[in-house]
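[1] coordinates only, sequence not included:
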């Protein structure tokens, strides 16, 4: 794991993530992070809403599948607006 910090490309990429630079690579990483977090949140929400009715595992699976359907377009739209506004 320490070797990742010795590569110049990895250091530049992590620096651009920390600085808030928006390019295609950082936007792709932010979409993946947002999708993973929305899947966790959807699973928790599904378990809270319908856990007793249809079972906790099934409701968690449905919540994890349906949550990114609303989050991914919103994240992509938000990143597009942010990259548009940083040009001005």
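    Perfect, I can see it now. Source: prediction; values computed, not measured.
[2] can you pull the contacts of the residue sitting furthest away from the middle of the chain?
    For the chain, the largest distance from the centre (C-alpha atoms, centre = their mean) belongs to residue 53, which lies 29.0 Å off. Contacts for residue 53 (C-beta atoms under 8 Å, 6 or more residues apart in numbering) come out as residue 59. C-beta: built from backbone N, CA, C; applies to glycine.
[3] please report how far it lies from residue 47.
    Residue 53 is 11 Å from residue 47, where distance means C-beta to C-beta, to the nearest Å.
[4] likewise residue 8?
    According to C-beta to C-beta, residue 8 and residue 47 sit 44 Å apart.
[5] those two: who's more crowded?
    Taking other C-beta atoms under 10 Å, residue 8 and residue 47 do not tie; residue 47 has more neighbours (20 against 7).
[6] what residues of the helix or strand harbouring the more buried one count as buried?
    Take DSSP states H and E as the rule and residue 47 turns out to sit in helix 24-54. Residues of helix 24-54 classed as buried: 26-27, 30-31, 34, 38-39, 42-43, 45-47, 50-51 (neighbour count, 16 or more other C-beta atoms under 10 Å).
[7] and if you look at stretch 69-83?
    71, 75, 79.
[8] make CSV out of the residues you listed and add distance to residue 15, secondary structure and pLDDT.
    Output for the buried residues of stretch 69-83, formatted as CSV (distance: C-beta to C-beta, whole Å; DSSP: H, G, I helix; E, B strand; the rest coil; pLDDT from 0 to 100):
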residue, distance to residue 15, secondary structure, pLDDT
71, 26, helix, 87
75, 22, helix, 87
79, 19, helix, 82
